[in-house]
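Undergrad: Could you look at this predicted model? Sequence included:
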Amino acid sequence: EDQVTQSPEALRLQEGESSSLNCSYTVSGLRGLFWYRQDPGKGPEFLFTLYSAGEEKEKERLKATLTKKESFLHITAPKPEDSATYLCAVRTGGYNKLIFGAGTRLAVHP
Amino acid sequence: DAGVTQSPTHLIKTRGQQVTLRCSPKSGHDTVSWYQQALGQGPQFIFQYYEEEERQRGNFPDRFSGHQFPNYSSELNVNALLLGDSALYLCASSHFRETNSGANVLTFGAGSRLTVL
């Protein structure tokens, strides 16, 4: 059965304290790994798509990497506005069914 | 350019009732997916509509049904509501041709928060 597990469940950082969020997956055939950001009371907002092991993508203070079994979202020198829930999802088949992890709740304090 | 819009934003129902949620996709998108997000969990896939037909379905009972209209908008219907149906219901849109190419990205709406008492 296809499965996505995110860790940690929650993470508290001081402003400027870099860290990484983990997404491990077990799927029958990966057709894309997605990172989304979700703010309270809002829908998920797209961040990155990764397709093959070794691929990396960056956006401001965020960098996503992919291996054959897991993905990392690295946050460099975070700011309070980076506080949100970060969701990882995989696509394994046709159409656009995504399997999501439970998310990591990130809180960045000044 | 409007993104995905959903209505209503919040609603309260009692057990056994029926509910209809509505979604208008992002301009230029022709495919609509519905997800259920329980508190503290990630979204779970309910089903996807393209060309007014259900194309793929997740592990949800037949109480969950949907419809897509010629203008690509969509409805999610849930019958015989249970307490466990309380959740945020998210609509996401995409373009079918991009979906099949693998380059597709879902655009989500803000969701409809359903509370079942």
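TA: Done, it's in. Numbering: from 1, shown residues only, chains lettered A, B, ... in the order given.
Undergrad: quick one: the strands in the chain?
TA: I'll assume chain A. Here chain A has its strands, by DSSP state E, at A:3-7, A:10-14, A:19-26, A:33-38, A:45-50, A:56-59, A:62-66, A:70-75, A:84-91, A:98-100, A:104-109.
Undergrad: ah, I was thinking of chain B
TA: Going by DSSP E, chain B shows strands at B:5-7, B:10-13, B:19-24, B:31-37, B:44-50, B:53-57, B:64-68, B:74-78, B:87-94, B:107-108, B:112-116.
Undergrad: Could you list which residues are in contact with A:T76?
TA: Counting by C-beta atoms under 8 Å, 6 or more residues apart in numbering or on different chains, A:T76 touches A:S18, A:R61, A:L62, A:K63. Glycine gets a C-beta too; all of them are placed from N, C-alpha and C.
Undergrad: is it possible to export those residues to TSV including neighbour count and pLDDT?
TA: Output for the contacts of A:T76, formatted as TSV (neighbours: other C-beta atoms under 10 Å in any protein chain shown; pLDDT from 0 to 100):
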residue	neighbour count	pLDDT
A:S18	11	97
A:R61	14	96
A:L62	19	98
A:K63	16	98
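Undergrad: picking that back up, so for chain B, which of the strands of chain A sits nearest?
TA: Across the strands of chain A, chain B has its closest neighbour in strand A:98-100 (3.2 Å, C-beta to the nearest C-beta).
Undergrad: Can you point out the buried residues in stretch A:78-94?
TA: A:P78, A:D82, A:S83, A:A84, A:T85, A:Y86, A:L87, A:C88, A:A89, A:V90, A:R91 (16 or more other C-beta atoms under 10 Å in any protein chain shown).
Undergrad: Since that was my last question, I'll sign off now.
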